[in-house]
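Student: any chance you can model this:
(one chain, ligands or ions: 1)
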Amino acid sequence: MGAISASVVGEGSIPTPGFEGFEKRLEVEFSTFNASNEHELRQDYGGLRAISRAEIDTMLSAAECTIVSQLSNNKFDSYVLSESSLFLYPFKIVIKTCGTTQILKTIPQLLASASRLSLRARRCKYSRGSFLFPHAQPFPHGSFAQEVKILDKFFTHLCGKAFTMGDPSKYHNWHIYIAANESDYRFLPSDDPAYTLEMCMTGLDKQIAAKFYKAVAAGSAKEMTTASGINELLPNSHICDFAFDPCGYSMNGIEDNAHSTIHITPEEGFSYASFETMGYGPGSRIELRKLVDRVAACFKPAFLSISLYVCGDLSRAAENVGSWDGSVSPSGYVCDGSSRQVLPGGSAVIYHTYRESAEDCCNIITPFSLFTEADPCQVQSFGCETKKVSNVADEDPCFERFFADQHTDLCQLMKRCQFGLF
Ligand SMILES: C[S@@+](CC[C@H](N)C(=O)[O-])C[C@H]1O[C@@H](n2cnc3c(N)ncnc32)[C@H](O)[C@@H]1O
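Tutor: Got it, this is the predicted structure:
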């Protein structure tokens, strides 16, 4: 497992005064090498779900986390991890890890397993908020520029672009990397855009945070789920929950082809909760704006951010995120920053930050006021797009070690991904 506290931290990281709640999130979408039969395959095809449990374990152990519980339906598999969650759809994987885990180390095993199933990556999306304790992150998570450089090496056959959203002079930004071939994405006007909503919340209400201590919840994750009202956020979803010792909570929710996931770090001083849904949108019975309100009311954080990613016909995707301007504030919150970005591969994202409208919220001390992101020397923001700076040298021994540690013939693997040699 990765870091949990001041004394137990992952390899290459330094001790911190608290647990790093902000997750790193990697989503990779695949297609078959034989595009002609892809449509039939999409109807009834296990795809990535055929990856063996042993391969999944190997992949996760590279990042320094493990599976603690599982829940599946006929559309996809979900796993609660020691540090966050994993979702395996036939053509898509979502891995989310927190603490000092090294999520990018999962990529070689993932690409190798997918290649054995004749699948190749056609889109990679990596995102994360600004860390609470950036100096504790091991290589290559010490800066967004390092992360981008590693991602570019794995996905050279796709055109990677990196963006830092939010005001660069502020502590809280959203970092997003997307690699996709435009030619792979042809959406029909009838295709519903797909939404991914992510909320990151800090400074949780103390009484609410207390519910995620085992001693208070009689040791039961189920009790935490009901006492907090989490079970009512998406009432038709099936929930797989897990309570950590002595505190902390994670859950995955699954409903047809949509998922949700919540992770909670209740410790005072660095309390954090995240909420994510993928697959809910206008076509479902869930209205995302009302959902955002319910989630904010459930945790009552002092600060929260929303990232809404839409993928589909580009004009519709851009239009859809456009309608989510800064006025879409959860009740009791004021928006203090908004940005919007059209991304490669028919997608777009908006990012808003909010603070509680109560006047006394300015007195709340959060780690944001104590630490600053380590990125500035590595990443320069031009508008939104992150310029990939050259001072992250290829010959940096950390890069060499990163790849040497993977036990995979990476060059061979990347060539195969690029040219479809399977
Ligand atoms: C629920 S996990 C999920 C992380 C999630 N990204 C977050 O911060 O909300 C983090 C919480 O569980 C606690 N915890 C206890 N044992 C843990 C372990 N072995 N690994 C990770 N977290 C653990 C941490 O102290 C923290 O409160």
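Student: so which bits of the protein are right by the ligand?
Tutor: Contact residues (Cβ under 6 Å from any ligand atom) of the chain with the ligand: 1, 4, 19, 21, 23, 82-84, 98-99, 244-245, 247-250, 263-267, 272-274. For the C-beta atoms, the positions are set from N, CA and C on the backbone; glycine is no exception.
Student: for stretch 125-144, the distance to its chain's centre please.
Tutor: Centroid separation for stretch 125-144 versus its chain: 12 Å, with Cα atoms, centre = their mean, to the nearest Å.
Student: ends of that stretch, how far apart?
Tutor: Taking Cα to Cα, to the nearest Å, the first and last residues of stretch 125-144 lie 13 Å apart.
Student: same question, stretch 146-165
Tutor: 17 Å.
Student: quick one: average pLDDT of that stretch?
Tutor: The average of the pLDDT scores along stretch 146-165 is 94.
Student: which parts of it are buried?
Tutor: Neighbour-count burial for stretch 146-165 flags 146-155, 157-158, 160-165 (criterion: 16 or more other Cβ atoms under 10 Å).
Student: the stretch 201-350 of the chain: strands as residue ranges?
Tutor: Per DSSP state E, counting those that start in this stretch, the stretch 201-350 of the chain carries strands over the ranges 238-243, 249-255, 258-265, 272-278, 303-311, 333-343, 347-356.
Student: can I get those in a markdown table with mean pLDDT, mean neighbour count and distance to Glu55?
Tutor: Formatted as a markdown table, these follow (pLDDT from 0 to 100; neighbours: other Cβ atoms under 10 Å; distance: least, Cβ to Cβ, whole Å):
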| stretch | mean pLDDT | mean neighbour count | distance to Glu55 |
| --- | --- | --- | --- |
| strand 238-243 | 98 | 20 | 21 |
| strand 249-255 | 98 | 25 | 20 |
| strand 258-265 | 98 | 26 | 21 |
| strand 272-278 | 98 | 25 | 23 |
| strand 303-311 | 93 | 24 | 27 |
| strand 333-343 | 91 | 18 | 30 |
| strand 347-356 | 92 | 24 | 29 |
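Student: include distance to Ser127 when you put the ones you listed into a markdown table, please.
Tutor: Below are those laid out as a markdown table (distance: least, Cβ to Cβ, whole Å):
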| stretch | distance to Ser127 |
| --- | --- |
| strand 238-243 | 23 |
| strand 249-255 | 18 |
| strand 258-265 | 14 |
| strand 272-278 | 11 |
| strand 303-311 | 7 |
| strand 333-343 | 11 |
| strand 347-356 | 8 |
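Student: return the set of buried residues in the host helix or strand of Leu197.
Tutor: In this assignment (DSSP states H and E), Leu197 forms part of strand 194-202. Across strand 194-202, burial judged by 16+ other Cβ under 10 Å covers Ala194, Tyr195, Thr196, Leu197, Glu198, Met199, Cys200, Met201, Thr202.
Student: now do the same contact list for the residue in the stretch 51-200 of the chain positioned nearest to the ligand.
Tutor: Closest contact between the stretch 51-200 of the chain and the ligand, by Cβ to the nearest ligand atom, is at Cys98 (3.1 Å). Applying Cβ atoms under 8 Å, 6 or more residues apart in numbering, we find Cys98 in contact with Gly2, Phe19, Glu20, Gly21, Phe22, Glu23, Lys24, Glu83, Ser84, His263, Thr265.
Student: which of those residues fall within strands?
Tutor: Lys24, Ser84, His263, Thr265 (DSSP state E).
Student: if we can go back for a sec, filter the contacts of Cys98 down to the buried ones and hand me the PyMOL line.
Tutor: Buried residues among those (16+ other Cβ under 10 Å), as a PyMOL selection:
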select buried, resi 2+19+20+21+22+23+24+83+84+263+265
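Student: could you redo the contacts of Cys98 as CSV and give each row distance to Gln70?
Tutor: Formatted as CSV, these follow (distance: Cβ to Cβ, whole Å):
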residue, distance to Gln70
Gly2, 20
Phe19, 24
Glu20, 25
Gly21, 23
Phe22, 25
Glu23, 19
Lys24, 21
Glu83, 16
Ser84, 14
His263, 16
Thr265, 22
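Student: quick one: pLDDT of Tyr185?
Tutor: Looking at Tyr185, its pLDDT is 64.
Student: how about Ala3?
Tutor: With respect to pLDDT, Ala3 has a value of 39.
Student: what of the one 10 residues further on?
Tutor: What the model reports as pLDDT for Ser13 is 58.
Student: before we move on, what about Ser271?
Tutor: Ser271 is given a pLDDT of 97.
Student: returning to that earlier point: want to throw the ones in strands among the contacts of Cys98 into CSV with distance to Ile51?
Tutor: Shown next, in CSV, are the ones in strands among the contacts of Cys98 (distance: Cβ to Cβ, whole Å):
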residue, distance to Ile51
Lys24, 20
Ser84, 19
His263, 23
Thr265, 29
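Student: most widely separated two among the residues you listed?
Tutor: Lys24 and Thr265 (14.9 Å; Cβ to Cβ).
Student: of all the residues in the stretch 151-300 of the chain, which one is nearest the ligand?
Tutor: Counting by Cβ to the nearest ligand atom, the stretch 151-300 of the chain gets nearest the ligand through Gly248, at 2.0 Å.
Student: so what's the residue nearest to that residue when sequence neighbours are not counted bridging to?
Tutor: Leaving aside its sequence neighbours, Gly248 sits nearest to Thr265 (Cβ to Cβ, 6 or more residues apart in numbering; 5.9 Å). For Thr265, the beta-bridge partners are Tyr272 (DSSP bridges).
Student: show the contacting residues for Thr265.
Tutor: Applying Cβ under 8 Å, 6+ apart, we find Thr265 in contact with Phe19, Gly21, Cys98, Gly248, Ser271, Tyr272, Ala273.
Student: now, the most widely separated pair of those residues?
Tutor: Cys98 and Ser271 (13.4 Å).
Student: any common contacting residues for these two?
Tutor: With Cβ under 8 Å, 6+ apart, Cys98 and Ser271 have common neighbours Gly21, Thr265.
Student: surely Asn173 meets Thr164?
Tutor: Yes: under the criterion of Cβ atoms under 8 Å, Asn173 makes contact with Thr164 at 5.2 Å.
Student: how many neighbours does Phe299 have?
Tutor: 25 (other Cβ atoms under 10 Å).
Student: same check, this time on Leu288
Tutor: By other Cβ under 10 Å, neighbour count at Leu288 equals 18.
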